[in-house]
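K.L.:
Below is the structure, and that's it, no one-letter string:
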């Protein structure tokens, strides 16, 4: 039997080492689905509950594996549903390839059912976009999509009309207007030229107080970052997507930066005279040193992202690890490096005590949301993969979860879309079926789509060598992050018609799927519930009834933010009494913290 175009697509994916494709069926990809049946489900077709979730699963797979994530969907409605996940991949610089169906070529342009102008739909999000109109375009189109997604760290889209999928495959010949292709793609690295490195070293060597800001682009450069910090005495602050680049167990790592960040990170920026940003496009310049305060060096592999966010003196285009290896021999060891690290460590230890006091001593009704993350932190296995949704829970992850061992973590860092954590977790689980995965999610995201994807977790639970996939849910009956943004940025009280959520028990729903689940209503039960979920023999849901009036106080709240929040409360915010009481008590812990706290990872 002759090989069909759809057969060849799956064969080529296997040659690229693709082992799973996340998708949802539809008649626009019937040819591909039939080919999957002939191929004994290789690569494995992983059925999401919705095409958007399939795209998020591909993003999660790519983020935690470093390989291309692949997703598929039918034509009009399916392609439209993919968009949010593909934009997440674009903005967080993640390689994803989407295989999208289209109506038969003979019907195109005729307002046919489910026909959408897919090139217009995808032209902004895709780094490579092509329609396969004849078999001879393959394998080049698919190969270019894979290579371009990898090299540009972005989504690529291949559109295959339904009738083309069913055609006999014929390869491109040795002829005019034929484009052959090859598979090989070896690793590569980029290093700045010697003059740029010399100029960067001059800036760094001239400084006395060096601050490092690392983002996800610094992944794989841990050893080089540690050596740089040892030579210069630099403290290391982390953008949220770079939270897992270096462990929080290093004494000079100050944690996250920004609204979700730590006081030591803000102090580091406020006090430095030299800023070195590595693999980060952290957009909030108000949290960086004042203009004119510090000289700067930026390292980024993407020339398109260089020279942004801060007036850097030297911009180095290159791979983080390779560039640092070339730069380190030019860096002079500073005499006061060890002393500065001791000062930073004291600040960090004191901050950890503040966080512990805010989690353990601030009363809430019924559970302090900080306590949930604070209690989880020491229980996490050192090889955990953490996925986090866009919600107030992101604050508690950024501050209370400490990275150690080979732990990894990710969020929708730039798009900041809700609903990513559970599909991310499923993608991460297929990337590393031998490691525990924990998703931290708000009740809004669970009601949006997370509960549906629990069905997917239940469906595939037997595919994973390590059965642990834990979904922790903060149920505060409020779209809490937006509520706080309204208070602090708009000076508006909580608008209950838009903000209040129904109290739907995720745990009860999970039990209908045969998953281990518990609903926690008292603070004394938090630790036991986490332990129970982490010890379960399959996917588990642990739902905490938390208090939405506990404020996520920024490390250095501005006067405008405080004034706006006060005005919002005075305008009749229904939670004003609880917000004021808990806010004052939380802030008070910063003044009461003291003594000689132990390193947090030794608790």
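P.N.:
Perfect, thanks for sending it. All of these numbers come straight from a predicted model, not from anything done at the bench.
K.L.:
can you list contacts of stretch 82-91?
P.N.:
Outside stretch 82-91, the residues within contact range by C-beta atoms under 8 Å, 6 or more residues apart in numbering are 51-56, 58-59, 62, 69, 71, 73, 94-96, 98, 100, 121-122, 125-127, 154-155, 157, 412-415, 417, 420, 423. C-beta: built from backbone N, CA, C; applies to glycine.
K.L.:
Over to stretch 458-466?
P.N.:
In contact with stretch 458-466 (C-beta under 8 Å, 6+ apart) are residues 46-47, 426, 429-430, 433-436, 467, 469, 513-515, 538-539.
K.L.:
And for stretch 141-148?
P.N.:
By C-beta under 8 Å, 6+ apart, stretch 141-148 touches 9, 12-13, 16, 68, 97, 127-128, 130, 132, 154, 156-158, 181-183, 185.
K.L.:
need the contact list for the residue nearest to residue 284 when sequence neighbours are not counted.
P.N.:
Leaving out its chain neighbours, the residue that sits closest to residue 284 by C-beta to C-beta, 6 or more residues apart in numbering is residue 258, at 5.3 Å. Shown in contact with residue 258 (C-beta under 8 Å, 6+ apart): 239, 240, 282, 284, 287.
K.L.:
quick one: pLDDT of the first one?
P.N.:
At residue 239 the predicted local distance difference test score is 97.
K.L.:
Please identify the buried residues of stretch 496-506?
P.N.:
Across stretch 496-506, burial judged by 16 or more other C-beta atoms under 10 Å covers 499, 501, 505, 506.
K.L.:
Run through the neighbouring helices and strands of the top helix by length along the chain.
P.N.:
Longest among the helix segments of the chain by residue count, using DSSP state H, is helix 337-361. Helix 337-361 makes packing contacts with helix 222-232, strand 235-238, strand 253-256, helix 263-271, helix 369-376, helix 393-400, helix 576-592 when contacts are defined by 3 or more C-beta pairs under 8 Å, 6 or more residues apart in numbering; DSSP states H and E.
K.L.:
what bits of this protein have low per-residue confidence?
P.N.:
Scanning the chain for pLDDT under 70 picks out 1, 484, 487-490, 555-573, 575-603.
K.L.:
residue nearest the centroid of it?
P.N.:
The structure's the chain has its C-alpha centroid closest to residue 411; by C-alpha atoms, centre = their mean the separation is 2.5 Å.
K.L.:
So what pairs up with that residue in the strands?
P.N.:
residue 388 (DSSP bridges).
K.L.:
Now do it against residue 542, distance only.
P.N.:
According to C-beta to C-beta, to the nearest Å, residue 411 and residue 542 sit 20 Å apart.
K.L.:
And for residue 401?
P.N.:
15 Å.
K.L.:
Kindly report the same for residue 338.
P.N.:
43 Å.
K.L.:
So these two - more neighbours on which side?
P.N.:
In terms of neighbours (other C-beta atoms under 10 Å), residue 542 is the more surrounded of residue 338 and residue 542; the figures are 28 against 10.
K.L.:
Leaving out the residues flanking it, which one is nearest to the more buried one?
P.N.:
residue 533 (4.3 Å).
K.L.:
thinking that neighbour is in contact with residue 518, fair?
P.N.:
Yes - counting by C-beta atoms under 8 Å, residue 518 is a contact partner of residue 533 at 7.1 Å.
K.L.:
Give the burial count for residue 171, as a bare number.
P.N.:
14.
K.L.:
what secondary structure does the nearest residue to it once chain neighbours are set aside sit in?
P.N.:
Nearest residue to residue 171, sequence neighbours excluded (C-beta to C-beta, 6+ apart): residue 136, at 7.0 Å. Judged by DSSP: H, G, I helix; E, B strand; the rest coil, the three-state class of residue 136 is helix.
K.L.:
any idea how far residue 183 is from residue 136?
P.N.:
With C-beta to C-beta as the criterion, residue 136 and residue 183 are 17 Å apart.
K.L.:
before we move on, what about residue 11?
P.N.:
11 Å.
K.L.:
These two - which one has more neighbours?
P.N.:
Neighbours were counted for residue 11 and for residue 183 using other C-beta under 10 Å; residue 11 has more, 16 against 12.
K.L.:
In a helix, that one, correct?
P.N.:
Yes - judged by three-state DSSP, residue 11 forms part of a helix.
K.L.:
what's near enough to touch it?
P.N.:
Applying C-beta under 8 Å, 6+ apart, the residues near residue 11 are 3, 39.
K.L.:
what's the distance between it and residue 540?
P.N.:
For residue 11, the distance to residue 540 equals 38 Å [C-beta to C-beta].
K.L.:
pretty sure residue 493 contacts residue 499?
P.N.:
No - contact criterion C-beta under 8 Å: residue 493 and residue 499 do not qualify, at 9.9 Å.
K.L.:
intersection of neighbour lists for these two?
P.N.:
In contact with both residue 493 and residue 499: residue 486, using C-beta under 8 Å, 6+ apart.
K.L.:
Residue 189: how many residues sit nearby?
P.N.:
So residue 189, with other C-beta under 10 Å, has 12 neighbours.
K.L.:
contacting residues around residue 180?
P.N.:
Here residue 180 is in contact with 140, 171, 172, 174 (C-beta under 8 Å, 6+ apart).
K.L.:
which ones among these are found in helices?
P.N.:
residue 140.
K.L.:
so which of the contacts of residue 180 would you say is closest to residue 452?
P.N.:
Distance to residue 452, by C-beta to C-beta, is smallest for residue 140 among the contacts of residue 180, at 37.1 Å.
K.L.:
Hmm, that closest one is touching residue 172, no?
P.N.:
Yes - using C-beta under 8 Å, residue 140 is in contact with residue 172, at 6.8 Å.
K.L.:
Now the common contact residues for those two.
P.N.:
Counting by C-beta under 8 Å, 6+ apart, the residues touching both residue 140 and residue 172 are 179, 180, 181.
K.L.:
In helices, which of those residues fall?
P.N.:
Short answer: these have none in helices (DSSP H).
K.L.:
Make CSV out of those residues and add distance to residue 26.
P.N.:
Converted to CSV, these look like this (distance: C-beta to C-beta, whole Å):
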residue, distance to residue 26
179, 29
180, 32
181, 28
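K.L.:
Among the residues you listed, which one lies nearest to residue 150?
P.N.:
residue 181 (14.8 Å).
K.L.:
in stretch 528-541, what's buried?
P.N.:
529, 530, 532, 533, 534, 536, 539, 540, 541.
K.L.:
can you pull the contacts of the closest residue to residue 382 other than its chain neighbours?
P.N.:
Spatial nearest neighbour of residue 382, chain neighbours left out: residue 405 (2.8 Å); criterion: C-beta to C-beta, 6+ apart. Contacts for residue 405 were tallied using C-beta under 8 Å, 6+ apart; they are 247, 382, 383.
K.L.:
Is it correct that the last one falls within a helix?
P.N.:
No - under three-state DSSP, residue 383 falls outside any helix and is assigned coil.
K.L.:
neighbours around it, how many?
P.N.:
So residue 383, with other C-beta under 10 Å, has 15 neighbours.
K.L.:
same check, this time on residue 139
P.N.:
Using other C-beta under 10 Å, residue 139 has 24 neighbouring residues.
K.L.:
Likewise for residue 434?
P.N.:
9.
K.L.:
and which of the shared contacts of residue 140 and residue 172 is nearest to residue 549?
P.N.:
residue 181 (58.8 Å).
K.L.:
separation between that closest one and residue 209?
P.N.:
Distance from residue 181 to residue 209, by C-beta to C-beta: 52 Å.
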